[in-house]
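>>> Sharing a sequence plus its predicted fold:
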Amino acid sequence: MIVSEQKPLEEILGYLEGEKSVFILGCNGCAQSSGSGGPVQVTEMKQKLEEAGKKVTGTKVIDFLCEKALVKSALRGRIEEIKAADSVLVLTCGIGIQAVAAALNKVVHPGCNTVNMGGSRGEWEGSERCGECGQCLLEYTGGICPVTACTKSLVSGACGGASNGKCEISPDRDCGWELIYKRLKERGRLDMLKVDLEALDHGKLAPRPEMMSTSRYALEQSDQEVKEQ
Amino acid sequence: MSLQSKLESGQFAISCEFGPLKGTDTTEIKENIEVLKGKVDAANVTDQQSSVMRLGALVTSYLAASGGLEPIFQVTCRDRNRIALQSDLLSAWVLGIRNVLALTGDLPQLGDHPQAKGVFDLDSVTLLKAISRLNEGYDIVGNELQGKPAFFPGAVVKVDSDTEASTELQIAKMERKIAAGAKFFQTQAVYDIDNFAKFMKRVEKFGVPVMAGVIPLKNAGMARYMNSSVAGVYVPDELIKKMADAPKEERAKTGIGIAADFIKQAKSLCQGVHIMAIGWEKRVPEIIEAAGL
């Protein structure tokens, strides 16, 4: 899941300055779960923009705005409303906004900011986070990730900044290494604290070239093929 | 005699620290160097302390070295990746800097540029490994150097911890730092001599010199603030009371007296003392004299 939050209305109105009409798009996927671009927020946005004097030519909430082929097929019946608008306001994550901008030949405005989740990828939000570092260290840290549980992503142990088990950045945040210590102790594996770990390989932490700006979805592929024909 | 020779020959060593200011005015740096040289064995030069942007530790260490005050170049991992860290270390050696203190560094969010990206590409342990590799004539990926340094690398450790986990993690990390090449330790400020004795009992088997951290108290408020807000600093109530009871004109003397008493007691337990005067750099000689060093 990707978490997004709506931009302040003033910022959105700033984008729409000089435009009279707009079509609003929302997403039934992550944006709905985030409360930033589901059916409820799209209706609310329509109202706010109308109050601000804009004409809303239409609205639509699609299941997954991140899938360009889906966006195109879902909007097939709404072309006239979109054409009638000066621009399209998209209430979803950065991927969805980019997918819409690629799929429609229209000025597209982002209505949301995509928030860094510090490694959460699960649908059900728990406390576990994965930094996608490509060099899993969980073997040595009692099954608690030092890359995400430690604010500084330290692999060599605690920094000394914690007070009463809380990180120096906030009294609400646990010191990741104190959690690791307690887990290792509980499992009788404190010997792990002596294992010599190398510094993280940031070459592995960056997305691989083949993962950047490409999609492995078959649908995306078929969309390309349709275009080519 | 250099800090290294002093610690290696088992003599009690004295270090202190001072930080560059924000801007290009080096007047105070030069004044501090004049006051401190000949009085201490070496002086730490802090690296963007508390994540507040200032003049750099490298150039300030160079000013100290050329002014006759042996610097301990503090290097944190907050602002530079491994390429810049190794390069700055090589530069430091060329500029005549011999001692390096390897630190992880505070988070940028705690300083005056909270928008900055915290780097932490290396941490204190892996930085010590890098220093050891450079001393061997290689960079950390194994490329050979043309001309190698011979740094005397040090690290820090916290004596007082508020949780069992924190205490054990400090000791475990101290061992990792030693394995990575740390040749001496400076501690966070300590006030309770019994706690310090207990700590030394645990770590003396490592055989690496420890310099006890001392921050002279200026008033009771400072002591209370450190207790509530500085990780790993614990000022006992009786010392806070002593500071609170001292008449205003006697406060400085009382604080310096407390520091001197601690140093006298610590002298038989450890291998040196590290005085962090925090604005009182020019009074460090007074503290040393009061401690009878």
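Thanks, I have it.
>>> tell me the strands in chain A, going along the chain?
A:4-6, A:21-27, A:55-62, A:87-91, A:108-110, A:112-114 (DSSP state E).
>>> With distance to chain B as added columns, please give those strands in a markdown table.
Placement of C-beta: from N, CA and C, glycine included. Listed next are these as a markdown table, based on distance: least, CB to the nearest CB, whole Å:
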| stretch | distance to chain B |
| --- | --- |
| strand A:4-6 | 19 |
| strand A:21-27 | 30 |
| strand A:55-62 | 35 |
| strand A:87-91 | 27 |
| strand A:108-110 | 21 |
| strand A:112-114 | 16 |
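>>> what's the closest of those strands to A:Cys133?
With CB to CB as the measure, strand A:112-114 is the member of the strands of chain A nearest A:Cys133 (20.6 Å).
>>> Just give the strands next to the closest one in its sheet, each with its orientation.
strand A:4-6 (antiparallel) (DSSP bridges).
>>> What lies in contact with the partner strand?
A:30-31, A:34, A:36-37, A:41, A:45, A:91-94, A:111-115 (CB atoms under 8 Å, 6 or more residues apart in numbering or on different chains).
>>> Report back the residue of chain B that's furthest from centre.
Using CA atoms, centre = their mean, the residue of chain B lying farthest from its centre is B:Pro247. It sits 31.1 Å away.
>>> got the buried residues for the lengthiest helix in chain A?
Counting residues, the longest helix found in chain A (DSSP state H) is helix A:39-51. For helix A:39-51, the neighbour count (16 or more other CB atoms under 10 Å in any protein chain shown) marks A:41-42, A:45-46, A:49 as buried.
>>> Can you check the pLDDT for A:Thr131?
Quick fix: residue A:131 is Gly, not Thr. Note on A:Gly131: pLDDT of 85.
>>> you'd agree it is up against A:Leu205?
Yes - contact criterion CB atoms under 8 Å: A:Gly131 and A:Leu205 qualify, at 7.3 Å.
>>> And these two? Which one has more around it.
The residue with more neighbours, out of A:Gly131 and A:Leu205, is A:Gly131; 18 against 14, by other CB atoms under 10 Å in any protein chain shown.
>>> Secondary structure class of B:Leu21, three-state.
coil (DSSP: H, G, I helix; E, B strand; the rest coil).
>>> where's it relative to chain A, distance?
24 Å (CB to the nearest CB, to the nearest Å).
>>> check contacts around that residue.
B:28-29, B:54-55.
>>> Ok, A:Leu75 next?
Counting by CB under 8 Å, 6+ apart, the residues that A:Leu75 touches are A:60, A:62, A:82, A:103-104.
>>> would you turn the residues you listed into a markdown table with pLDDT?
Shown next, in a markdown table, are the contacts of A:Leu75 (pLDDT from 0 to 100):
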| residue | pLDDT |
| --- | --- |
| A:Lys60 | 97 |
| A:Ile62 | 95 |
| A:Ile82 | 97 |
| A:Ala103 | 89 |
| A:Leu104 | 90 |
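>>> could you dump the residues you listed to a markdown table with distance to B:Gln48 and neighbour count?
Formatted as a markdown table, these follow (distance: CB to CB, whole Å; neighbours: other CB atoms under 10 Å in any protein chain shown):
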| residue | distance to B:Gln48 | neighbour count |
| --- | --- | --- |
| A:Lys60 | 51 | 19 |
| A:Ile62 | 48 | 20 |
| A:Ile82 | 52 | 18 |
| A:Ala103 | 47 | 20 |
| A:Leu104 | 47 | 19 |
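>>> Just give me the closest of those residues to B:Lys198.
Minimum distance to B:Lys198 across the contacts of A:Leu75 is 64.7 Å, recorded for A:Ile62 (CB to CB).
>>> circling back to that earlier point, need the pLDDT of the residue farthest from the centre of chain B.
Looking at B:Pro247, the pLDDT reads 95.
>>> ok, it to B:Lys253 distance?
The spacing between B:Pro247 and B:Lys253, counted by CB to CB, to the nearest Å, is 10 Å.
>>> do you know how far B:Ile14 is from chain A?
Separation of B:Ile14 from chain A (CB to the nearest CB) stands at 23 Å.
>>> which SSE is that residue in?
strand B:13-18 (DSSP states H and E).
>>> which helices and strands does that strand pack with?
Here strand B:13-18 touches helix B:3-8, helix B:27-36, strand B:42-45, strand B:71-76, strand B:272-275, going by 3 or more CB pairs under 8 Å, 6 or more residues apart in numbering or on different chains; DSSP states H and E.
>>> Indicate which one of the ones you listed is closest to chain A.
Closest approach to chain A among these (CB to the nearest CB): strand B:71-76, 10.5 Å.
>>> For B:Phe262, list the residues it contacts.
So B:Phe262 contacts B:190-191, B:193, B:212, B:214 (CB under 8 Å, 6+ apart).
>>> Tell me the most packed of the residues you listed, by neighbour count.
B:Ala212 (27 neighbours).
>>> wait, what's in contact with residue 78?
Reading this off chain A. Taking CB under 8 Å, 6+ apart as the test, what A:Arg78 contacts is A:23, A:58, A:60.
>>> Chain B was what I was after
B:48, B:51, B:104-108, B:118-120.
>>> rerun at 10 Å
A:152, B:47-48, B:51, B:103-108, B:111, B:116-121 (CB atoms under 10 Å, 6 or more residues apart in numbering or on different chains).
>>> And it, its phi and psi?
Dihedral angles of B:Arg78 (phi, psi; degrees, to the nearest 10) stand at phi -70, psi -40.
>>> could you check the distance from it over to B:Gly118?
On the measure of CB to CB, B:Arg78 and B:Gly118 end up 6 Å apart.
>>> Now the common contact residues for these two.
Joint contacts of B:Arg78 and B:Gly118 (CB under 10 Å, 6+ apart) are A:152, B:51, B:105-108.
>>> Looking at those residues, spot the one nearest B:Gly147.
Using CB to CB, B:Gly105 comes nearest to B:Gly147 of the shared contacts of B:Arg78 and B:Gly118, at 27.9 Å.
>>> mind checking the SS state of the closest one?
Per three-state DSSP, B:Gly105 ends up coil.
>>> what's the burial count for it?
Neighbour number of B:Gly105 under other CB under 10 Å is 26.
>>> and it, how far is that from chain A?
Taken as CB to the nearest CB, the span from B:Gly105 to chain A is 8 Å.
>>> wouldn't that residue be in contact with B:Val52 here?
No - applying CB atoms under 10 Å, one finds B:Gly105 not in contact with B:Val52, separated by 11.9 Å.
>>> Where do the strands of the stretch 151-293 of chain B begin and end?
B:152-157, B:184-189, B:210-214, B:272-275 (DSSP state E, counting those that start in this stretch).
>>> what angle separates the second one from strand B:71-76?
If I follow you right, that is strand B:184-189. Orientation check (axes from the mean of the first three to the mean of the last three CA atoms, to 10 degrees): strand B:184-189 against strand B:71-76 gives 70 degrees.
>>> Kindly provide the distance from B:Ala64 to chain A.
With CB to the nearest CB as the criterion, B:Ala64 and chain A are 26 Å apart.
>>> picking up where we left off before, what's the overlap in contacts for A:Gly131 and A:Leu205?
The contact sets of A:Gly131 and A:Leu205 overlap at A:147, A:153 (CB under 10 Å, 6+ apart).
>>> in chain A, which helix or strand is least confident?
helix A:218-228 (a mean of 52; mean pLDDT, DSSP states H and E).
>>> Kindly reformat the shared contacts of B:Arg78 and B:Gly118 as a markdown table containing pLDDT.
Output for those, formatted as a markdown table (pLDDT from 0 to 100):
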| residue | pLDDT |
| --- | --- |
| A:Lys152 | 95 |
| B:Ser51 | 95 |
| B:Gly105 | 95 |
| B:Asp106 | 94 |
| B:Leu107 | 94 |
| B:Pro108 | 94 |
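>>> So how do I select the buried members of these in ChimeraX?
Selection of the buried residues among the shared contacts of B:Arg78 and B:Gly118 in ChimeraX, burial being defined by 16+ other CB under 10 Å:
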select /A:152 /B:51,105,106,107,108
